[in-house]
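K.L.:
Sequence first, predicted model second:
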Amino acid sequence: MDENHLRVVLNSSKVLNAWLTIPSTWVAEIFVNSKFQAITIDMQHGLIGYSEARNMLQVISPKTVFPIVRVPWNEPGIIMKVLDAGAMAVICPMINNKEEAIQFVKSCKYSPVGSRSLGPIRSSVIYGTEYAKSANDYVLALVMIETKEGLENLDEILDVDGVDGVYVGTMDLSLSLGISDLGNIYDDTLNKALKTIISKVKNKKLIAGIHVNSSNVKTLIEIGYDIVTPINDTKVLIDGSNQIFNEITKIMNQEFNK
């Protein structure tokens, strides 16, 4: 696991992350074979429940792809279950203050850092019987910064022992900051916020991830973001379906108008 751990990979390169919203092991397998370095299973806004997430984690081999789960909320039960099922990083939505960050870390980490219950049923099988002894170093707790409140309290959030990094939700952050053009990283207000976040995160030597349009990947990597997510499975299907339909319709219209 050491050679594919996100901390190790980030020492030499940035990480491209794929985002899965469809509850399907087949979809997960397709993205695994697309050579993304990390894959996130979205249990918050995706259509994925625990059983589907567990099955998808079985497809995402940690030997080749780093498995991440975004949990539905800052709730200890589901956080511990996805870690026991094999997730090696957890993204938690809507972390707005120090107290919420502390609660999240406690769910992710074993004592003395946290209060995660000991019972890594699948993790101990795939990562080895010594998993529990090193899990606090392996497991990454990534807090989502996606509100004005979270942005204002970023310093105290990053000071929480056990927070390994942030994941920026540009759409919700835009909404919270009153930006009408949601997710536009070139909007002055959002751009300033993204640079503020990366500056503070890097001062703490922590990890920074972010959702991004594929055309903006280079820009956000240059700003300093480590994990960039330019793709999700639903959008691939929508865009691909629309593209094929439009191409065929154009050809058919040309034929009929001869």
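P.N.:
Ah, there it is. Residues are numbered from 1 along each chain as shown.
K.L.:
In three-state terms, how would S34 be classified?
P.N.:
Assigned with DSSP: H, G, I helix; E, B strand; the rest coil, S34 falls in the coil class.
K.L.:
Excluding chain neighbours, what is closest to it?
P.N.:
Leaving out its chain neighbours, the residue that sits closest to S34 by CB to CB, 6 or more residues apart in numbering is A18, at 7.0 Å. Heads up, the C-betas are built off the backbone N, CA and C, glycines and all.
K.L.:
May I see the buried residues of the longest helix along the chain?
P.N.:
Using DSSP state H, we find that the single longest helix of the chain is helix 233-256. Buried positions in helix 233-256, judged by neighbour count with 16 or more other CB atoms under 10 Å: D233, T234, V236.
K.L.:
L83: neighbour count?
P.N.:
Residue neighbour count, defined by other CB atoms under 10 Å, stands at 25 for L83.
K.L.:
what's the model's confidence in the helix or strand where it lies, averaged?
P.N.:
Using DSSP states H and E, L83 maps to helix 76-84. For helix 76-84, mean pLDDT is 98.
K.L.:
Repeat that for stretch 49-65.
P.N.:
So the average pLDDT for stretch 49-65 ends up being 94.
K.L.:
which of the residues in that stretch are buried?
P.N.:
Quick answer for stretch 49-65 (16+ other CB under 10 Å): Y50, E52, A53, R54, M56, L57, V59, I60, P62, V65.
K.L.:
again with stretch 103-116
P.N.:
Q103, F104, V105, K106, S107, C108, K109, Y110, G114, R116.
K.L.:
ditto for stretch 153-167
P.N.:
Quick answer for stretch 153-167 (16+ other CB under 10 Å): N153, L154, I157, L158, V160, G162, V163, D164, G165, V166, Y167.
K.L.:
Determine which two of those residues are furthest apart.
P.N.:
N153 and D164 (17.6 Å; CB to CB).
K.L.:
Where does the closest residue to D155 other than its chain neighbours sit, in terms of helix or strand?
P.N.:
Leaving aside its chain neighbours, D155 sits nearest to K200 (6.6 Å; criterion: CB to CB, 6+ apart). Using DSSP H and E, K200 sits within helix 188-203.
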